[in-house]
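1. quick one: sequence and predicted model below, then my questions.
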2 protein chains.
Amino acid sequence: MLKRLSKYIKNLNTKKKTTIKDIASALNISPAAVSKALHDDSRISKKTKDAVKKVAKDLNYQPNHLASALRKGKSNLVGVIVPRTNSNFFSSVIENIEAVLNKEGYHIIITQSNESYKKECDNIDTLLFTQVDGIIASMANETVNLDYYEKIKSKGIPLILFDRGENDLNVDYIGINDYDSSHMIVEHLVEQGCKRIAHIGGYKRTRIFNNRIRGYIDALKKHNLPLDNELLIESNLTIEDGRLKMTQLLALKNRPDAVYVAGDYAALGALQVLNEQHINIPKDIALVGFGNEPFTDMVTPTITSIDQHSSEIGKQAAKTFLAHVKKKSTSQTLNKIILNADLIVRHSSNKKDLS
Amino acid sequence: MLKRLSKYIKNLNTKKKTTIKDIASALNISPAAVSKALHDDSRISKKTKDAVKKVAKDLNYQPNHLASALRKGKSNLVGVIVPRTNSNFFSSVIENIEAVLNKEGYHIIITQSNESYKKECDNIDTLLFTQVDGIIASMANETVNLDYYEKIKSKGIPLILFDRGENDLNVDYIGINDYDSSHMIVEHLVEQGCKRIAHIGGYKRTRIFNNRIRGYIDALKKHNLPLDNELLIESNLTIEDGRLKMTQLLALKNRPDAVYVAGDYAALGALQVLNEQHINIPKDIALVGFGNEPFTDMVTPTITSIDQHSSEIGKQAAKTFLAHVKKKSTSQTLNKIILNADLIVRHSSNKKDLS
DNA sequence: AAAACTAGGTTAAACGTTTAAGCAATATTG
DNA sequence: CAATATTGCTTAAACGTTTAACCTAGTTTT
């Protein structure tokens, strides 16, 4: 009695999803035939296929992703890990990854590490738990231990890194040429007549920031400018720290006449300090950022920056993943895609265009 | 021959994941017992449980989420839809949703609509496809047709809206009191001696922006200020449009002496224009934003804004979802949680604190 | 006209868990 | 001490798809 009642209630609640079985019995064919029809198997007649598709639509059939994922051993889900999504760069990369993957029937799961190593590990666990078919990631600032990434590799799950990646980890990578970008920036500043160029860089331990630093140092050498250790500062590249480090530079007896900041947010902080202290940009101090965030073109003065081709990075990352799953052979050739970045010159460093 | 070879290769590749069966045969008990042991079922002896857990750890057992989700009919995944993640507000809401849900064994899938209705529909399809147990969403600016949200409801999947939600859709909602917030702002500006208060508002069709507009109008009335239609402008609230609309206001014969902008990004755009035109803030024109984005405290002058308690909104949204799944009974009492926002007074509107 | 294909399916097992139902052995109760 | 409960499992089915293997009737080849 109680059982019958509960069953009745259950039937009321579970708006009973249509399954392949329902379609099969409606057409008096086997579930297997339905499955094949829905996948356009060559061994099923056009007539049956059409009938199946019609009934499927009529009954509002939605394939059960979990069941097919379980059976096929793949989830058609790709995990994405980024430090944070609230910058235009990562936001745009994600958008493009999604666009490319959606076309191939994949969906993405976005997770943020907030630059925390622990969070990043949690995210990896979440993604592995969700049985993603691959992971596309950009590492947190904090991350130095690569065990968790090795864990992904050891499970045989394709791993693609972009922007923030490590060389030691032998995986596919998409990014820009940071070393060359620094050269472009220094060259540009030298052209503007700057002689004391400071660099507020990211953490040396992060490969891309290290490359920017190396590029900065080598470019100075190339132009016969002395390297002054006071002018090379390590930063976490937040707005706040940008303010701090700029203030620090202004406190020097011998101030720089140009500052190259390895991130736009920190460059914005620096800009604020310069504006507040009524220092003329670029006449007294020229400023260059990195990343070409939209706000660089909206602040006063507009900030010269490096465009990292975020949409291209996203697309390439997605394509690299797809290449991985398509050739399931062992011929896993390593892909390292290095794009050339563009220098976008704006008011903050353009002395020649002064009206 | 060929078969044996392919089988051999297969075994090489599939780093054979340990399953419950493996544990079972290792201990010579049934898979069912293992499953129960892992879930701390009371009908399993402590001795067996310990043994199972030890073997599970030794064999590096990872539960197959897909299988359990299929069997249990729930995925332990919650979908989150936001306009974009690149604002601190949404970023912070998401962070808190995740924190609360992770503790209960749920994971989240983040998707962005980029303020596009079509993208939002796609996102909903993705989430339904992924078999999420619930959806927490904030609607795109463009969204006026609610069919897709009805679709979620009709599938019996818990839907919780926050910030941008609609009244017509009869679902749980978490947000702040926008109407009252406008009152607080106008009151504050009146106290500062402002008499011509303009409002750059969001789209009227979006409920929260409409409420802010209504609050603005009613507050003017309350303080016996005339409503000048020239001073009430609709905007998409991006930085760019903030610049545009501010420029528009400055072109009036009779300029406002205060501008209340319904979003911080647009307020930033307005601030830039005012700064560029060397208009004294707040003496000539006072400025107030909405959202308390971190940069409001970093620009010059700092911008007065409304704090929306993003972390609280995130937590409450997650808790509301959890309440839904816990009481599976039909007693679906509707939750409308309206938080009181805080006005954070900063330099852009504080005339009394002038040094 | 026998042999060999082909078209168009069907059958049944499998993916890894969970869980209702069952059962034997031990413990508790009246 | 017989009746009843409890403990600690086992059995087997189920979740919804997919797929290898098989089957039958018709078609083509030789």
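-> Alright, I've got the coordinates.

2. hey, let's count contacts and neighbours off CA atoms from now on
-> Noted.

3. count of residues packed around A:Lys57?
-> A:Lys57: 12 surrounding residues under other Cα atoms under 10 Å in any protein chain shown.

4. do the host helix or strand of it and DNA strand C meet?
-> Using DSSP states H and E, the element containing A:Lys57 is helix A:46-58. Yes - contact between helix A:46-58 and DNA strand C, assessed by Cα under 7 Å from any atom of the strand, occurs at A:46-48.

5. so what's the closest residue to chain B within chain A up against?
-> Nearest to chain B in chain A, going by Cα to the nearest Cα, is A:Asn86, at a distance of 3.2 Å. Contact analysis of A:Asn86 by Cα atoms under 8 Å, 6 or more residues apart in numbering or on different chains lists B:85-88, B:91.

6. let me know the helix or strand that the residue nearest to it when sequence neighbours are not counted is in.
-> Distance criterion Cα to Cα, 6 or more residues apart in numbering or on different chains; nearest residue to A:Asn86, sequence neighbours excluded, is B:Asn86 at 3.2 Å. Using DSSP H and E, no element contains B:Asn86; it sits outside every helix and strand.

7. quick check: phi and psi at B:Asn86.
-> Note on B:Asn86: its backbone torsions stand at phi -90, psi 30 [degrees, to the nearest 10].

8. from B:Glu312, how far off is it?
-> Separation of B:Asn86 from B:Glu312 (Cα to Cα, to the nearest Å) stands at 19 Å.

9. cool, A:Glu240 as well?
-> 24 Å.

10. next, the contact list for A:Ala99, please.
-> A:Ala99 neighbours (Cα under 8 Å, 6+ apart): none.

11. now the strands for the stretch 151-300 of chain A?
-> A:159-162, A:172-176, A:197-201, A:232-234, A:258-261, A:286-288 (DSSP state E, counting those that start in this stretch).

12. and whatever residue of the stretch 151-300 of chain A ends up closest to DNA strand C, how many neighbours?
-> Going by Cα to the nearest atom of the strand, DNA strand C is nearest to A:Lys155 of the stretch 151-300 of chain A, at 13.4 Å. Neighbourhood size, A:Lys155 [other Cα under 10 Å]: 13.

13. dump the host helix or strand of A:Asp22 to PDB, restricted to CA.
-> If you go by DSSP H and E, A:Asp22 is part of helix A:20-27. Extracted as PDB, the C-alpha positions of helix A:20-27 are listed here (Å, rounded to 0.1, in the frame of the first residue of the first chain):
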ATOM      1  CA  ILE A  20      16.400   5.000 -26.600                       C
ATOM      2  CA  LYS A  21      14.200   2.200 -25.400                       C
ATOM      3  CA  ASP A  22      11.100   4.300 -25.600                       C
ATOM      4  CA  ILE A  23      11.800   5.200 -29.200                       C
ATOM      5  CA  ALA A  24      12.600   1.500 -29.900                       C
ATOM      6  CA  SER A  25       9.300   0.200 -28.600                       C
ATOM      7  CA  ALA A  26       7.400   3.000 -30.300                       C
ATOM      8  CA  LEU A  27       8.700   1.800 -33.600                       C
END
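
14. contacts for it?
-> A:30-31, A:33-35, A:51-52, A:55-56, A:59, A:61, A:63.

15. re earlier: tell me how far the residue nearest to A:Asn86 lies from A:Gln112.
-> From B:Asn86 to A:Gln112 the distance is 12 Å (Cα to Cα).

16. mind checking pLDDT for A:Asn224?
-> The model reports A:Asn224 with a pLDDT of 96.

17. near chain B, which residues of the stretch 151-300 of chain A?
-> Residues of the stretch 151-300 of chain A lying close to chain B (Cα under 8 Å from any Cα of the partner chain) are A:155-156, A:269, A:272, A:276, A:298-300.

18. most surrounded residue in those residues?
-> Going by other Cα under 10 Å, A:Gly269 tops those with 25 neighbours.

19. please verify my assumption that that residue contacts A:Ile239.
-> Yes - using Cα atoms under 8 Å as the test, A:Gly269 is close enough to A:Ile239 to be in contact (4.5 Å).

20. list the buried residues for the helix holding A:Asp22?
-> For helix A:20-27, the neighbour count (16 or more other Cα atoms under 10 Å in any protein chain shown) marks A:20-24 as buried.

21. next: stretch A:141-161.
-> Applying 16+ other Cα under 10 Å to stretch A:141-161 flags A:141-143, A:149, A:152-153, A:157-161 as buried.

22. then it to PDB, C-alphas only?
-> Output of stretch A:141-161 as PDB, limited to C-alpha atoms (Å, rounded to 0.1, in the frame of the first residue of the first chain):
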ATOM      1  CA  ASN A 141      51.800  32.200  -9.900                       C
ATOM      2  CA  GLU A 142      52.300  30.100  -6.800                       C
ATOM      3  CA  THR A 143      52.800  26.800  -8.700                       C
ATOM      4  CA  VAL A 144      56.300  25.500  -8.600                       C
ATOM      5  CA  ASN A 145      55.600  21.800  -7.700                       C
ATOM      6  CA  LEU A 146      54.500  20.000 -10.800                       C
ATOM      7  CA  ASP A 147      53.400  16.700  -9.300                       C
ATOM      8  CA  TYR A 148      49.700  17.400  -9.900                       C
ATOM      9  CA  TYR A 149      50.400  18.100 -13.500                       C
ATOM     10  CA  GLU A 150      52.400  14.900 -13.700                       C
ATOM     11  CA  LYS A 151      49.400  13.100 -12.300                       C
ATOM     12  CA  ILE A 152      47.300  14.300 -15.200                       C
ATOM     13  CA  LYS A 153      49.900  13.000 -17.700                       C
ATOM     14  CA  SER A 154      50.300   9.700 -15.900                       C
ATOM     15  CA  LYS A 155      46.600   9.100 -16.300                       C
ATOM     16  CA  GLY A 156      47.000   9.500 -20.000                       C
ATOM     17  CA  ILE A 157      44.800  12.500 -20.200                       C
ATOM     18  CA  PRO A 158      45.900  15.100 -22.800                       C
ATOM     19  CA  LEU A 159      47.300  18.200 -21.100                       C
ATOM     20  CA  ILE A 160      47.800  21.500 -23.000                       C
ATOM     21  CA  LEU A 161      49.300  24.500 -21.300                       C
END
